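Peer 1: need a 3D model of the following:
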Amino acid sequence: MQGMNFLAHLYLSGNDPDIIIGNFIADHVKGRRIEQYSAGIRAGIQLHRDIDEFTDSHPVVKETVLSLRPLFHKYAGVVVDMYFDHFLAAGWDRWSEEPLKHFTMSMYHVLMRNFRGLPPRTRYMLPFMLKNDWLFNYSRLEGLHRGLSGMAKRTSFPSGMEHATDELRKNYGYYQGQFDRFFPALRSFANSRRQELMAY
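Peer 2: All right, here's what the predicted structure looks like:
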């Protein structure tokens, strides 16, 4: 259940469809299965992994995960991912000149146009994502709550994620501040790394 920050990963993919697809499917491509894909999609998968590594090792993210661990235990990192997607969506105008709705529709279009080539788990998930417009609805706390509650139902033991929006409401300013401290560094890293990888 890693890499739940779909909106951030897609935002950091730039405009290349192969990078977008690779970044989106990366968590569903294990081991040597990466060899089935084109060089461009492989570059997108690598970008996703580099973004995750940068994120997981960043002091601000580590600090935020630590603050949530008493409440959400091993799912604290997933909750941070979701919080940060919410802040990206809610403050979208700070990060992009393209309206959020237009961006999310264009991402769905790229993914659906390449539906047959997606891994089985991605093909299973994508219709739910489109039906409930996850990417856009994470801008609202109700949409975020639906996403977190849906994941809580699928965990092997009680995760408490259905209560994560209560914690966010309670300490909204703190988590917003953590996102604001972290995201510019992530964007700078991802833009630079994407340029390197696009030399495929």
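Peer 1: when you work out contacts or count neighbours from here on, use the C-alpha atoms and nothing else.
Peer 2: Noted.
Peer 1: and the lowest-mean-pLDDT helix or strand in the chain, how far from the chain's centre?
Peer 2: Lowest by mean pLDDT, DSSP states H and E among the helices and strands of the chain is helix 141-153, with a mean of 89. The chain centroid and the centroid of helix 141-153 are separated by 14 Å under CA atoms, centre = their mean, to the nearest Å.
Peer 1: low-confidence ranges, this structure, go.
Peer 2: 1-4, 200 (pLDDT under 70).
Peer 1: for the lengthiest helix in it, buried residues please.
Peer 2: With secondary structure taken from DSSP state H, the chain has its longest helix at helix 172-197. Buried residues in helix 172-197, counted by 16 or more other CA atoms under 10 Å: Y175, Q176, Q178, F179, F182, F183, L186, R187, A190, R194, L197.
Peer 1: doesn't L47 make contact with the last one?
Peer 2: Okay, so that is L197. Yes: look at L197 against L47 with CA atoms under 8 Å: they come within range, at 7.5 Å.
Peer 1: setting aside sequence neighbours, what's the nearest residue to I34?
Peer 2: R42 (6.5 Å; CA to CA, 6 or more residues apart in numbering).
Peer 1: err, L88, not the other one
Peer 2: In space, L88 is closest to A8, 7.1 Å off (CA to CA, 6+ apart).
Peer 1: ok, that neighbour - how many residues close by?
Peer 2: Close neighbours of A8, defined as other CA atoms under 10 Å, add up to 23.
Peer 1: that one contacts Y83, doesn't it?
Peer 2: No: here A8 does not reach Y83: they are 11.0 Å apart, not a contact under CA under 8 Å.
Peer 1: okay but Y108 is in contact with L130, surely?
Peer 2: Yes: with contacts counted by CA under 8 Å, Y108 reaches L130, the gap being 7.1 Å.
Peer 1: and E97, backbone torsions?
Peer 2: Note on E97: its backbone torsions stand at phi -90, psi -20 [degrees, to the nearest 10].
Peer 1: how far away is it from S159?
Peer 2: 37 Å (CA to CA, to the nearest Å).
Peer 1: what of F115?
Peer 2: The value you get for F115 to S159, if CA to CA is used, is 31 Å.
Peer 1: of the two, who's got more company?
Peer 2: For the pair F115 and S159, the greater number of neighbours falls to S159 (20 against 15), based on other CA under 10 Å.
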